[in-house]
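Student: take a look and give me a structure for this.
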Amino acid sequence: QQHSRVSSSVVLPGVTVSPDAQVQRAIIDRGCVIPEGMQIGVDEEEDRANGLRVSSGGVVLVTRGMLGQAEGSM
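Tutor: Purely as a prediction, here's the structure:
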C-alpha cells in the first residue's frame with residue numbers, strides 16, 4: 001500500500017496529495033496536485049531546485065504554477 005503524509009502544513013481546498021507523497025512545513029495553494037512520490041519540505045535545496053519558494057523560516061510555498069499546472073479557476 002502507498003500512503004501520503006502531510007504534517008505541520010496548511011492545505012487549501014481542492015488540493016490532491018497523490019500516493020507516496022510527503023508534505024511538511026508547507027502551504028499548498030488551492031487546486032494543486034502533488035505528484036506521486038514528491039517530497040515537499042523535506043530537503044530545502046531540492047524544493048528550491050523544483051522551483052518552489054522557501055521562506056527564511058523554512059516554510060515552503062507551493063502554487064499550481066510552480067508545479068507546472070494550469071492556473072485557471074476551479
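
Student: from now on I want contacts and neighbour counts done on CA atoms only, so please keep to that.
Tutor: OK.

Student: check which residues of stretch 64-72 are buried.
Tutor: Residues of stretch 64-72 classed as buried: 64, 67 (neighbour count, 16 or more other CA atoms under 10 Å).

Student: chain center to that stretch: distance?
Tutor: 12 Å (CA atoms, centre = their mean, to the nearest Å).

Student: do stretch 21-38 as well
Tutor: 3 Å.

Student: then stretch 43-52?
Tutor: Relative to the chain's own centre, stretch 43-52 is displaced by 11 Å; criterion: CA atoms, centre = their mean.

Student: in that stretch, what's buried?
Tutor: Per 16+ other CA under 10 Å, stretch 43-52 contains these buried residues: 44, 47, 52.

Student: that one: end-to-end distance?
Tutor: Across stretch 43-52, the terminal residues are separated by 11 Å (CA to CA, to the nearest Å).

Student: how about the contacts made by residue 47?
Tutor: 40, 41, 53, 54, 60 (CA atoms under 8 Å, 6 or more residues apart in numbering).

Student: doesn't residue 65 make contact with the third one?
Tutor: No - in terms of CA atoms under 8 Å, residue 53 does not count as a neighbour of residue 65; the distance is 11.5 Å.

Student: could you export the contacts of residue 47 as a markdown table, including secondary structure and distance to residue 34?
Tutor: Listed next are the contacts of residue 47 as a markdown table, based on DSSP: H, G, I helix; E, B strand; the rest coil; distance: CA to CA, whole Å:
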| residue | secondary structure | distance to residue 34 |
| --- | --- | --- |
| 40 | strand | 9 |
| 41 | coil | 12 |
| 53 | strand | 15 |
| 54 | strand | 17 |
| 60 | strand | 13 |
